[in-house]
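Trainee: Coordinates only, no sequence provided:
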């Protein structure tokens, strides 16, 4: 079994502007940098065998700011990216959020579907099972990262994961024994 602590990346400039970033490599805002420091503070007395982040700045910088001085192994993994919104990337959240359900199985125009993003997460989780059994890891990621965790570990239908209301909280814990 792998114990996974999931934390969302800090607030980005696009988050503050109400834009859906997708694969656009936006930076953390000053608030996001503060949140990353607070993340490190919340976990100051905990040990992780590895910390995984997507290769996008908002995720990677969150992990670096929170944990760079702790000696943890921080690993970039492209499979942990947000869903690629294609032509809708950097469009307003008010425009993207209502149509997300259309792109569960069908890709966003010139992008990917949530199912495709979830399959990347499945591949990542299979590697975790092989390489981190009986370990505790942290994943710093995006909403699509968490949709994959909910789907593959908790057995939540992908459509439900994508459309359920979401609220920030200080971390989620998952126990990975097998993929559902």
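Mentor: In hand now; what should we look at? Since the structure is predicted, the reported quantities are computational estimates derived from the model, not experimental observations.
Trainee: ok, residues contacting stretch 120-130?
Mentor: With contacts defined as CB atoms under 8 Å, 6 or more residues apart in numbering, stretch 120-130 is touched by 2, 4, 52, 77-81, 137, 144-145, 147-149, 151-153, 176, 178-179. Quick note: C-beta positions are derived from backbone N, CA and C, even for glycine.
Trainee: tell me the mean pLDDT for the longest helix along the chain?
Mentor: Within the chain, and with DSSP state H defining each element, the longest helix by residue count is helix 114-131. Mean per-residue pLDDT for helix 114-131: 97.
Trainee: Walk me through which strands whatever helix or strand comes next after that helix pairs with, and which way each runs.
Mentor: Next helix or strand after helix 114-131 toward the C-terminus (DSSP states H and E): strand 136-141. The pairing partners recorded for strand 136-141 under DSSP bridges are strand 2-8 (parallel), strand 50-53 (parallel).
Trainee: residues contacting residue 42?
Mentor: Per CB under 8 Å, 6+ apart, neighbours of residue 42: 170-171.
Trainee: what about it, distance to residue 63?
Mentor: 14 Å (CB to CB, to the nearest Å).
Trainee: partner residues bridging the spatially most central residue of the chain?
Mentor: Per CA atoms, centre = their mean, the C-alpha nearest to the average position across the chain is that of residue 141, at 2.3 Å. Beta bridges link residue 141 to residue 8, judged by DSSP bridges.
Trainee: Give me the distance between the residue located most distally from the centre of the chain and residue 151.
Mentor: Distance to the chain centre peaks in the chain at residue 45, reaching 22.7 Å (criterion: CA atoms, centre = their mean). Relative to residue 151, residue 45 is positioned 31 Å away (CB to CB).
Trainee: Show me where this structure has its helices.
Mentor: Using DSSP H, helices in the chain cover 13-17, 30-42, 57-67, 93-96, 114-131, 143-154, 158-163.
Trainee: surely residue 155 meets residue 180?
Mentor: Yes. Taking CB atoms under 8 Å as the definition, residue 155 is a contact partner of residue 180 at 3.9 Å.
Trainee: pretty sure the residue nearest to the centre of the chain is in contact with residue 56, am I right?
Mentor: No. Residue 141 is beyond contact range of residue 56, at 9.4 Å (criterion: CB under 8 Å).
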